[in-house]
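Undergrad: A structural model of the following input is requested.
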Amino acid sequence: MYNNYKKDPWLAVNLSMFFPGLGQFYAGNYLQGFLFFNGQILWLVLTVWHMFAAKGNTVTGFICLGMTIIFYFISLIEAHLSVYKKRNDPNLEKIPRKHKNLWFAIFITRILPGLGHLYLQRPIIGLLILTTTLLITGIDDFYSNLLLITPLIISLTLYHTYLIFPDRSSNKRWSLVVIMTGIIFILGVSLNYYPQWLEKRFDKFLIPSKSMQPTLQINDIVFVKKSSHYVPKIGDIVVFTPSENIKKADPDVSDHYIKRIIATPGKKVKIQQGQVYLNNTPIQEPYITESPQYQLKSKIIPADHYFVLGDNRNNSFDSHVWGLLPKDVIVGQAYKIGWPPKRIQSLE
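TA: Numbers count the residues shown, from 1 in each chain. Down below sits the predicted model:
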């Protein structure tokens with residue numbers, strides 16, 4: 001079997017690093033490849049749903065994330081062993097030390113640029129690349145322009161690892177290395193910019209006060225959906241930055257506030273004898289702590305403004321104090337309590 005089967009276990013590992021199952025397909029283990037490929041997709045979907053969906057459980061999401069990582073590493077080990085066993089070569093090293101292996105050099109280069117050069121006994125350039133990578137990785141969070149540099153270094157280092165490898169006789173190797181280099185650069189850029197993309201669509205907010213009790217308690221962490229196309233609806237809980245009215249009314253202004261939408265543009269709102277009226281109709285509010293002990297004269301909400309109140313009506317700094325909320329200061333809709341575990345629930 002050794003004479004007829006020439007596939008490389010470390011190439012299988014490199015392929016599975018892109019996505020579990022690819023190394024198994026390369027090894028010819030199609031059933032395992034199918035199971036690893038689809039299993040990883042399942043764990044990823046469960047992780048994202050539980051983390052971000054309103055009805056998902058954040059704790060379950062963290063468990064699924066852990067399973068996703070474990071599943072990923074198992075797929076790498078299984079990809080290596082599946083080829084290694086099929087080779088059945090007593091001279092084949094599990095970790096190639098005596099006989100240098102290009103795909104092992106590329107594997108450790110992908111883990112940390114420079115390691116492949118050290119493995120191939122190029123210590124000066126290896127240490128230079130390693131130091132540069134660690135330095136840029138440490139500061140690229142503060143300078144977004146550097147987010148392109150790390151993937152570029154990894155890609156160029158990977159290709160240079162191929163160039164300094166003693167045996168480059170195979171054209172198939174060159175083609176595969178070039179394809180890998182391009183894919184790694186694209187994936188690296190995507191992963192580096194993913195947090196910024198996510199931050200534009202989701203955020204989290206720590207509840208600092210009792211103004212939204214009993215719906216929200218102090219130290220609850222709520223997840224917020226952000227979208228430029230979001231149109232608040234009556235009953236939505238929204239997070240917003242302080243408007244000019246709030247800044248004038250509160251000398252100790254906070255960075256963010258969270259309240260419930262009570263009236264939208266064009267609606268008439270008033271508060272009389274502990275009851276909120278919308279277009280002269282009393283609204284049902286099972287979520288409030290107690291009825292409001294203040295009065296509010298009837299007013300019609302103008303365009304691009306909202307009337308907001310805290311659920312803890314008599315202990316809330318809201319529209320009955322500082323007036324209407326402009327649409328342009330709304331950050332997004334709070335749609336889920338994501339933490340602590342006992343408080344996880346949908347707010348929609």
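Undergrad: let me know the secondary structure of Val276.
TA: Secondary structure, DSSP: H, G, I helix; E, B strand; the rest coil: Val276 is strand.
Undergrad: tell me the confidence at it?
TA: The model reports Val276 with a pLDDT of 93.
Undergrad: for it, list the residues it contacts.
TA: Contacts here follow Cβ atoms under 8 Å, 6 or more residues apart in numbering; on that basis Val276 touches Ile262, Val269, Lys270, Pro282, Ile283, Glu285, Pro292, Leu309. From N, CA and C alone the C-beta is placed, and that goes for glycine too.
Undergrad: gap between it and Arg343?
TA: Val276 sits 26 Å away from Arg343 when distances are taken as Cβ to Cβ, to the nearest Å.
Undergrad: could you do Ala303 as well?
TA: 36 Å.
Undergrad: who's more crowded, those two?
TA: Between Ala303 and Arg343, counted using other Cβ atoms under 10 Å, the more crowded position is Arg343 (15 against 7).
Undergrad: which non-adjacent residue is nearest that one?
TA: Setting aside the residues directly before and after it, Arg343 is nearest to Ile337 in space (Cβ to Cβ, 6 or more residues apart in numbering), at 5.0 Å.
Undergrad: my guess is the one you found contacts Ile258, does it?
TA: No. In this structure, Ile337 is not within contact of Ile258 by Cβ atoms under 8 Å, at 11.5 Å.
Undergrad: which of these two has more neighbours?
TA: Neighbours of Ile337 and Ile258, each counted by other Cβ under 10 Å, are more numerous for Ile258; the result is 25 against 22.
Undergrad: so what's the residue nearest to that one when sequence neighbours are not counted up against?
TA: If the residues on either side of it in the chain are set aside, Ile258 comes closest to Val239, at 5.0 Å by Cβ to Cβ, 6+ apart. Val239 is in contact with Asp203, Phe205, Val222, Val224, His256, Tyr257, Ile258, Ile330, Val331, Gly332, Gln333, Ala334, counting by Cβ under 8 Å, 6+ apart.
Undergrad: what residues are up against Val321?
TA: Ala249.
Undergrad: for Gly188, see how far away it is.
TA: In this structure, Val321 and Gly188 are 50 Å apart, going by Cβ to Cβ.
Undergrad: where do the strands sit along this protein?
TA: Counting by DSSP state E, the chain forms strands over residues 202-206, 221-225, 237-240, 257-263, 268-272, 275-278, 281-282, 296-300, 305-309, 325-326, 330-339, 345-346, given from the N-terminal end onward.
Undergrad: next, the angle from the fifth one to strand 305-309.
TA: What it means is strand 268-272. Put simply, strand 268-272 runs at 20 degrees to strand 305-309, going by axes from the mean of the first three to the mean of the last three Cα atoms, to 10 degrees.
Undergrad: on the pLDDT front, check Gly39 for me.
TA: At Gly39, the model reports a pLDDT of 95.
Undergrad: kindly report the same for Val13.
TA: According to the model, Val13 scores 96 on pLDDT.
Undergrad: I'd say Lys225 and Gln333 touch.
TA: Yes. Counting by Cβ under 8 Å, Gln333 is a contact partner of Lys225 at 5.1 Å.
Undergrad: more neighbours: those two, which one.
TA: More neighbours sit around Gln333 than around the other of Lys225 and Gln333, counting by other Cβ under 10 Å; the figures are 24 against 18.
Undergrad: from Ser227, how far off is the more buried one?
TA: In this view, Gln333 and Ser227 are 8 Å apart by Cβ to Cβ.
Undergrad: again with Arg260
TA: Separation of Arg260 from Ser227 (Cβ to Cβ) stands at 19 Å.
Undergrad: which of those two has more neighbours?
TA: The residue with the greater number of neighbours, taking Arg260 and Ser227 and applying other Cβ under 10 Å, is Arg260; the counts read 25 against 10.
Undergrad: low-confidence ranges in this structure?
TA: Across the chain, the stretches falling below the confidence threshold (pLDDT under 70) are 1-5, 140-144, 168-171.
Undergrad: cutoff 80 now
TA: By pLDDT under 80, the low-scoring segments of the chain are 1-5, 88-92, 137-148, 167-172, 192, 195, 250-252.
Undergrad: Leu206 - nearest residue in space that isn't next to it in sequence?
TA: Computed as Cβ to Cβ, 6+ apart, the closest residue to Leu206 that is not its neighbour in sequence is Ile221, at 5.7 Å.
Undergrad: residues contacting that neighbour?
TA: With contact set as Cβ under 8 Å, 6+ apart, Ile221 has these partners: Lys204, Phe205, Leu206, Ile207, Ile337, Gly338, Trp339, Pro340.
Undergrad: my read: the last one touches Asp220, true?
TA: If I follow you right, that is Pro340. Yes. Using Cβ under 8 Å, Pro340 makes contact with Asp220 at a distance of 7.5 Å.
Undergrad: distance-wise, check the spatially closest residue to Gln293 that is not a sequence neighbour relative to Arg343.
TA: Excluding its sequence neighbours, the residue lying closest to Gln293 (Cβ to Cβ, 6+ apart) is Asn314, at 5.3 Å. Here the criterion is Cβ to Cβ. By it, Asn314 lies 23 Å from Arg343.
Undergrad: with that, I have no additional questions.
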